[in-house]
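Colleague: Here you go, sequence then predicted model.
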Amino acid sequence: MKPMGPIPPEFAGQRGALMIGGRGALDWVAEAGSPCFVYDPAIVAARVARFRAAMQAVDLHYAVKANPNAALLATIAPLVDGIDVASVGELSIALNEMAGARISFAGPGKRDAELEAAIVAGAALNAESDGEVRRALAIGERLGEQPRIAVRVNPDLELKGSGMKMGGRPSPFGVDAERAAAVVRLIRDGGAEWRGFHIFAGSQALDAAAIIETQAATIALAARLAEEAGAAPPLVNLGGGFGVPYFAGDAALDVERIGAALGEALAARPAVLADAGFAIELGRWLVAEAGVYLTRVIDRKESRGETFLVVDGGLHHQLAASGNFGTVVRRNYPVAVAHRIGEAEVEEVSVAGCLCTPLDRLADRVALPRAEAGDVIAIFLAGAYGLTASPTAFLGHPAPAERVAGLS
């Protein structure tokens, strides 16, 4: 038997029928069909409120790549100070909810058409190279528009313990720290509006001490680069990195501790950053625990002493839960039988998807209450990097439904 990660606190205390946004999981499936994703914006709003209370001197940006569902984004946009996008598609969705001046555009391979769209919209480009800056300047000159450009820095540090390290090594992302000041001068000399630094060292970290250390180092790096460039940055985006507990042994991040330390670091920041604004860019931490993937059991079968619940969903909708999205060792997300929350776990089963590949396993030898064909399995932490991070076209199965509680 293999352990599962912790069920998010908003659901862990429930008993009987799983409720999502005040409505039963089985009711969601009856209305939307199976499989389906259901997102509860009240959970997102609670995360935002917790961030605001802990980090009062810092703006909050939403990284739309975590979940670009338009209806969910409509509930998030009024709660945050900015939206970070990484494609023209995401830019288009974001512009439906927020003025371009509050949007930033990152990504190492921006096409000229994407640069042009961002410049026309007034979004800030997080430039990943001096070549990208030169292209943006040329496009701005052709359009008669002043580009707004920040320098994404590949820092000479990394976020310890992060699930995905984004700094401290050769990278297609960002301008190496030792070259960043020269790129700032290129932007300013070219007549663009310099929007500051974007410094992102890693993601999915659950170690508060490591995040505190990285944020302090990031502030020091931003100050050093500003001194080298001879210009104070309007904004320093400190990146994100806040993780959520997916697996057994994971514990929720102590954001209050991080906020207290960040407040002290900002109060003591170097003079060159005295007038700079600061932002943290979060996606997963805001939305992951707000989503549940619901999938119906099609078949219950025994094979050589093991029990399998074969469901109508799979990794083509929820790749991360199958262990095929950024993890080295496969571990189990929290799962449950949707109408038996809190009941005794009486059997060891594996939840297998409907695809013709042994990779399609949504839970591996976990303890659950007994489930039969027709029952619904709930897979938690489905609010981030779910549907749009999965190979939806693989084998041609239908797309799942998405629903936002209170809106659809």
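Modeller: Arrived safely, thanks for sending.
Colleague: Going by C-alpha atoms from here, please, whenever you check contacts or count neighbours.
Modeller: Noted.
Colleague: hmm, who's touching the longest strand anywhere in the chain?
Modeller: For the chain, the strand with the greatest residue count under DSSP state E is strand 291-303. With contact meaning CA atoms under 8 Å, 6 or more residues apart in numbering, strand 291-303 is reached by 25, 29, 34-40, 307-313, 318, 372-384.
Colleague: before we move on, what about stretch 257-269?
Modeller: Residues outside stretch 257-269 that contact it (CA under 8 Å, 6+ apart): A54, M55, A57, A208, A209, I211, I212, Q215, A216, I219, A220.
Colleague: Give me the neighbour count for the third one.
Modeller: This points to A57. 16 (other CA atoms under 10 Å).
Colleague: What about it? Give its phi and psi, please.
Modeller: With angles defined as degrees, to the nearest 10, A57 sits at phi -100, psi 10.
Colleague: That one and A231, how far apart?
Modeller: Distance, A57 to A231, by CA to CA, to the nearest Å: 22 Å.
Colleague: for the fifth one, same thing?
Modeller: When distances are taken as CA to CA, A209 and A231 turn out to be 31 Å apart.
Colleague: Same question for the last one.
Modeller: Computed as CA to CA, the A220 to A231 distance reads 15 Å.
Colleague: Same question for the first one.
Modeller: In this structure, A54 and A231 are 30 Å apart, going by CA to CA.
Colleague: List the buried residues of stretch 401-408.
Modeller: A401, E402, R403, V404, A405 (16 or more other CA atoms under 10 Å).
Colleague: Could you export those residues to TSV, including columns for secondary structure?
Modeller: Formatted as TSV, the buried residues of stretch 401-408 follow (DSSP: H, G, I helix; E, B strand; the rest coil):
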residue	secondary structure
A401	strand
E402	strand
R403	strand
V404	strand
A405	coil
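Colleague: residues in contact with the nearest residue to A399 once chain neighbours are set aside?
Modeller: Leaving aside its sequence neighbours, A399 sits nearest to T392 (CA to CA, 6 or more residues apart in numbering; 6.8 Å). T392 makes contact with H316, H317, A399 under the criterion CA under 8 Å, 6+ apart.
Colleague: Give me the buried subset of those residues.
Modeller: Buried members of these, scored by 16+ other CA under 10 Å, are H316, H317.
Colleague: mind listing which of the contacts of T392 are in helices?
Modeller: Within those, no residue falls in helices by DSSP state H.
Colleague: With respect to R148, which of the contacts of T392 is nearest?
Modeller: Closest to R148 out of these is H317 (36.3 Å), distances taken as CA to CA.
Colleague: Is F308 bridged to anything, and to what?
Modeller: As for beta bridges, F308 partners with K301, S350 under DSSP bridges.
Colleague: measure it to L60 for me?
Modeller: Look at F308 and L60: by CA to CA, they are 43 Å apart.
Colleague: what's the burial count for A265?
Modeller: Using other CA under 10 Å, A265 has 17 other residues around it.
Colleague: V346 too?
Modeller: 11.
Colleague: distance of N67 from G140?
Modeller: Applying CA to CA, the value for N67 to G140 is 30 Å.
Colleague: Which of the two has more residues huddled nearby?
Modeller: A direct count of neighbours by other CA under 10 Å for N67 and G140 places N67 higher, at 24 against 21.
Colleague: didn't the more buried one look like it was pressed against G383?
Modeller: Yes: assessed by CA atoms under 8 Å, N67 is found in contact with G383 at 6.8 Å.
Colleague: Not counting its neighbours along the chain, what's nearest D59?
Modeller: A279 (4.4 Å).
Colleague: Which secondary structure state does the one you found sit in?
Modeller: At A279 the chain is in strand, as set by three-state DSSP.
Colleague: dump the residue contacts of it.
Modeller: Counting by CA under 8 Å, 6+ apart, A279 has contacts V58, D59, L60, H61, L235, V236, N237, L238, G239.
Colleague: per-residue pLDDT, it?
Modeller: At A279, the pLDDT value in this model is 98.
Colleague: related to what we said a few turns ago, could you name the specific helix or strand carrying the residue nearest to A399?
Modeller: Using DSSP states H and E, T392 sits in no helix or strand.
Colleague: what's it sitting at in phi/psi?
Modeller: Per-residue torsions, T392: phi -60, psi -20 (degrees, to the nearest 10).
Colleague: how close does it sit to P155?
Modeller: 34 Å.
Colleague: And for P41?
Modeller: Counting by CA to CA, the gap from P41 to P155 is 34 Å.
Colleague: hmm, back to that, sitting in helices, which of the contacts of stretch 257-269 do you find?
Modeller: Using DSSP H, A54, A208, A209, I211, I212, Q215, A216, I219, A220 are the members of the contacts of stretch 257-269 that sit in helices.
Colleague: now the residues you listed: which count as buried?
Modeller: Buried members of these, counted by 16+ other CA under 10 Å: A54, A208, I211, I212, Q215, A216, I219, A220.
Colleague: Tell me where the stretch 1-150 of the chain has helices.
Modeller: Using DSSP state H, counting those that start in this stretch, the helices of the stretch 1-150 of the chain run over 9-12, 25-32, 41-54, 70-76, 88-95, 112-121, 130-143.
Colleague: So for R330, which of those sits nearest?
Modeller: helix 9-12 (22.8 Å).
Colleague: What residues of that closest one count as buried?
Modeller: By 16+ other CA under 10 Å, helix 9-12 has no buried positions at all.
Colleague: cool, stretch 187-198 as well?
Modeller: Buried, per 16+ other CA under 10 Å, within stretch 187-198: I187, R188, G190, A192, E193, W194, R195, G196, F197, H198.
Colleague: Against V311, how distant is the first one?
Modeller: Applying CA to CA, one obtains 53 Å for the distance of I187 from V311.
Colleague: about what we covered before: how about the helices of the stretch 1-150 of the chain in a markdown table, adding distance to T388 and mean pLDDT?
Modeller: Output for those, formatted as a markdown table (distance: least, CA to CA, whole Å; pLDDT from 0 to 100):
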| stretch | distance to T388 | mean pLDDT |
| --- | --- | --- |
| helix 9-12 | 24 | 94 |
| helix 25-32 | 18 | 97 |
| helix 41-54 | 18 | 98 |
| helix 70-76 | 12 | 98 |
| helix 88-95 | 12 | 97 |
| helix 112-121 | 20 | 98 |
| helix 130-143 | 27 | 98 |
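Colleague: Cheers, nothing more for now.
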